[in-house]
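J.: Coordinates for the following, if possible.
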Amino acid sequence: MLALLAGAVAAVDCPAGYFKSSETTCAPCAKNTYRSGLDPQSACLPCATGSTSPEAASACTQCPAGYTIDNTGTCKPCGRNTFNPTPGTVGACKPCPAGQFAPFGASACAACPAGRFIPATESDAPSEDYVGDCVDCKENTYSDAPNSRTCKACPAGTSSKPGSRACDPCPAGSRLYREYSFDPLVCEPCPEGTYSTQPGSSECRRCPFGSTSGVGSTSCELCPVGWYVNSETDSYRYGKCLECPRNTYNDKPGYSGVGCKACPLGATADEGSAQCDACPAGSYITSYGSCSECPSNTFSTQPGTLGSCTPCPSGYWSRGGATECSQCPAGSYGSGYCSLCPRNTYADKPGTPNACKPCPAGHVAPEGATECTIVPPGSYVSTTTGRAELCPPASYQDEPGAQGSCKACPEGYTSKPGARSLTQCKICPAGSFVDDESGECTLCPEDTYSDTPGTAGGCKACPARTAAPKGSSHPGHCRLCPPGRYFVAGSDGEPTGQCIPCPANTFSSAEGLVADTCEPCAAGTTSGEGAAECTPCPAGSYVKQGVILPGNPYNFFDPVCMPCDKGFYSTEPKSLECTPCPLGSSSDTGATKCSPCSGDTSGSELAGVPTCAACDRISAAGAFTCPAGSGRASGCAAADKCEACPAGTVGAPSPDFGRDACVTCAIGSIAAAPGLTACAPCAAGTSTDRIGGSECTACKPGYFAAQAGDPCKACPPGTFASGTGSTSCTPCAAGTTHFLKARSSQEQCAVAHVAGTTITAAEAFTNRYTSSQYDEGSKVLTTKTLVSTSPARTVTLVAGGDPVAAPPGYTRVVKTVISGVTDSPPEPTDLEPPTPTLAVSYTLFQLAAGNTVGGAASDDFVVLAEYSDGEFKSCGTRRGADGKLDVACERVVKDAVSPNMSIRETEMLRLVGA
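T.: Residues are numbered from 1 along each chain as shown. A predicted model of the protein is given here:
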């Protein structure tokens, strides 16, 4: 609509509510005019008298009754106390007759009913907005006739609520009252402790002594049990019923004493009680006379206990409010309260009073134990921690109950922690020794060796001016320092035996050198640590020289080979710097030459670095727009030109977006020539084999395209397309079929079958999703299985008949998780998982006797399942010994294996004959 109204290139027919302001433009009809749209060339018409319309209206609306049209043509509601009974009226609304009123927007006036009045002045009305309106009479006034201009005051001894038609006498339980002589008499409820029995009473009577009343009472009642009447004449509560205080009571109604009776010793009562109750067992009476629960570890067996409860005897305990104490359970002890036995002690019987028994030597027990446990072989009881500890390396314990330590392995032998016998002590091999501190076999350090198994204490030092690697097991391993390394010299200038590598950017080509005898690399070459020679920096790189930062001589940066930065190059090895690319060319990092800028870029410098910048395709003044079917030409030299979109693409008018404005045609459509604005669909039976096509080709045999613009699709099983350009597939002849796709002749319908056999079977679909994940750190392989099954149902299959629709999804899920420890991860493979699918239908076929496919017999069946991705799966079966059909047809949906993880998903169709 916006594009239509904003302007189009051809003449237009305007919609209803709009008129043609020019040959190509529509404008909305003005307010109070309309255009129905029946005549496309008509103008907007004025609304009839008494009607109105908004802007862009297709019809006018008559003003309803209660409204009038002002001089601007707008419908407005009638004001208060005016009315208009006729729709479409122009001018003022009529005033209401005397004694009547009307709200805003009224079509008629109404009489003001009795109980209300029409105030004539602002002083009579609730506010100036209500003058002339119908409002309620105020409290203690009334109107007994309609259309009243005032309300009457209620007579003495009567009152009224707002909006009353009459006044009523003051009811029983109230009195006529005014605070000042000039105030009007009003009905007031009798105060508390008084009453009135007759309507219109001028006063309320005081309740007799021993009774009381609530506000607005018509009678008095005796004070209930648990209460008493206050008889203090100088008290403001004189004659009122008051609750008996705590630990007092009153068992008679109307009691008129100044207080209630006190509870006897050993008893107590809450406020307002009619009797006292003895404190129950498990509690006691405090000095304030209240019942209090016995504290924990005390008890009371009798009600009414005074002062305090009895403490529990030794070896017993109790919770708060107890009537008896309980023995401390086994594993604890106590006097008044129970504590758990400390570690390495025990209590095997309940009621232990003072302390638990210590465990025998070689035994341990946790906190709260009822018995001690002997430590097993391979462990001992530490005298420091008191805990059971595994035997450390180089020791063992072949007997239970060891205390303090384990037995030592023979000299030169070690063992794993927790060794249980002497046979678990193993001799340390040559090249190692038994470390006295850890007890473990430790490799000989550098420049030492051990040539016999079972070495204890340490390894032998290599002769002077020789060195050996870590773990050396023969004196022949002690050799001169190799090239790239040197001996550290002692204070006497002799080698210490420590062979260390030459620093980076130095080298040594001889062996057996002593002290810092490594030579620096020549200019243009570098080396890593321990180098026997230096390596020249290759072409495309340069040697970044070492520097010493000012003021910090120890912060030295070694020279290193660095690749040439982007926009620079070097053609020779050993270069000390890279050369910038000429303007109009550039290079990537580590380049040996520069390349000219491409057609869509131009040479420039960015922060002093030569680069190829993208050409600016936006024209400057008067932004240039290419016509439909073309886009901005590429290349900086042609920045103000347009090119037609090439064949296979189309374009619409687009401002300066170059070839990006050209859209590639989808499969099944073409743009046969450059400069087109829309892709044309290929005819039925033809298509393209890729996007961006410029020519349609006929579908090859075995494929079809049913409608224009469709891609060529493979013929499904049981059909074929014999020629090119097919728009549909031909079913196999009666009694023949095949279970493949894209067949091209009847000869390929090589499976003979018979129709008509009906089989009833129980159907079940099962989806099994299994994933396995291996954790490198813990070496745990976790396998998760998720099994989903479809709702169980019974289906009827007719051989060669219609397909049976598969269920839409799964309803029951079974999850299992299995974890285990393995020494190595699963072998990784590189498989791309297929897209998961579900079967949508399946068809039953019964093969004919003597079928050449697989030598099938007449009792062979095939189930052909179709999936949502257009794929098919055929599964054969044969009747069992019981004559029943049993089909298990499985399709692999996903099968993927990657390092340390595998995923497999399958879907199984199971049919079991009834």
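J.: ends of stretch 415-431, how far apart?
T.: 17 Å (Cα to Cα, to the nearest Å).
J.: Mind jotting down where the helices sit in the protein?
T.: For the chain, the helices defined by DSSP state H occupy 2-6.
J.: least trustworthy helix or strand in it by mean pLDDT?
T.: Ranked by mean pLDDT, DSSP states H and E, the weakest helix or strand in the chain is helix 2-6, scoring a mean of 37.
J.: What distance do you get for the residue nearest to Ser51 when sequence neighbours are not counted to Ala896?
T.: Counting by Cβ to Cβ, 6 or more residues apart in numbering, the nearest residue to Ser51 once its immediate chain neighbours are dropped is Cys60, at 4.0 Å. (C-beta placed from N, C-alpha, C; glycine too.) Plainly put, Cys60 is 71 Å away from Ala896 if you go by Cβ to Cβ, to the nearest Å.
J.: Show me this structure divided up by domain.
T.: The record's domain parsing of the chain by automatic domain parsing lists 170-222, 223-278, 280-323, 328-373, 375-422, 428-479, 634-720, 751-913.
J.: Distance to Asp124, mean pLDDT and mean neighbour count added to the ones you listed, as TSV?
T.: Listed next are those as TSV, based on distance: least, Cβ to Cβ, whole Å; pLDDT from 0 to 100; neighbours: other Cβ atoms under 10 Å:
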stretch	distance to Asp124	mean pLDDT	mean neighbour count
domain 170-222	17	82	17
domain 223-278	43	80	17
domain 280-323	65	84	17
domain 328-373	84	86	18
domain 375-422	99	91	18
domain 428-479	110	86	18
domain 634-720	75	81	18
domain 751-913	77	77	15
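J.: Of all these, which one is nearest Ala489?
T.: Between Ala489 and the domains of the chain, the shortest separation by Cβ to Cβ is 10.7 Å, and it involves domain 428-479.
J.: Kindly tell me how buried Ser21 is, as a neighbour count.
T.: Ser21 has 11 neighbours, counted by other Cβ atoms under 10 Å.
J.: same thing with Leu606?
T.: Counted with other Cβ under 10 Å, residues neighbouring Leu606 total 9.
J.: try Glu605
T.: 12.
J.: Over to the one 5 residues further on?
T.: Applying other Cβ under 10 Å, we find 21 other residues in the vicinity of Pro610.
J.: any idea how far Cys594 is from it?
T.: From Pro610 to Cys594 the distance is 8 Å (Cβ to Cβ).
J.: which residues do those two both contact?
T.: With contacts defined as Cβ atoms under 8 Å, 6 or more residues apart in numbering, the residues shared by Pro610 and Cys594 are Cys581, Pro582, Ser585, Ser586.
J.: Wait, Arg165 touches Pro146, no?
T.: No - applying Cβ atoms under 8 Å as the test, Arg165 and Pro146 come out as separate, 10.1 Å apart.
J.: Now the common contact residues for those two.
T.: Residues touching both Arg165 and Pro146 (Cβ under 8 Å, 6+ apart): Ala114.
J.: I'd like to check which residues are in contact with the nearest residue to Arg319 once chain neighbours are set aside.
T.: Distance criterion Cβ to Cβ, 6+ apart; nearest residue to Arg319, sequence neighbours excluded, is Ser296 at 5.5 Å. Residues near Ser296 by Cβ under 8 Å, 6+ apart: Trp317, Ser318, Arg319, Gly320, Ala322, Tyr337.
J.: these two touch, right, the fifth one and Thr298?
T.: Looking back up the chat, that one is Ala322. Yes - here Ala322 reaches Thr298: they are 7.2 Å apart, a contact under Cβ under 8 Å.
J.: Relative to Arg878, how far out is the spatially closest residue to Leu885 that is not a sequence neighbour?
T.: Excluding the flanking residues, the one nearest Leu885 by Cβ to Cβ, 6+ apart is Gly913, at 3.8 Å. As defined by Cβ to Cβ, Gly913 lies at a distance of 12 Å from Arg878.
J.: just to revisit the earlier point, got the domains of the chain as JSON lines, with distance to Asp129 columns?
T.: Listed next are the domains of the chain as JSON lines, based on distance: least, Cβ to Cβ, whole Å:
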{"stretch": "domain 170-222", "distance to Asp129": "27"}
{"stretch": "domain 223-278", "distance to Asp129": "47"}
{"stretch": "domain 280-323", "distance to Asp129": "65"}
{"stretch": "domain 328-373", "distance to Asp129": "80"}
{"stretch": "domain 375-422", "distance to Asp129": "92"}
{"stretch": "domain 428-479", "distance to Asp129": "101"}
{"stretch": "domain 634-720", "distance to Asp129": "62"}
{"stretch": "domain 751-913", "distance to Asp129": "67"}
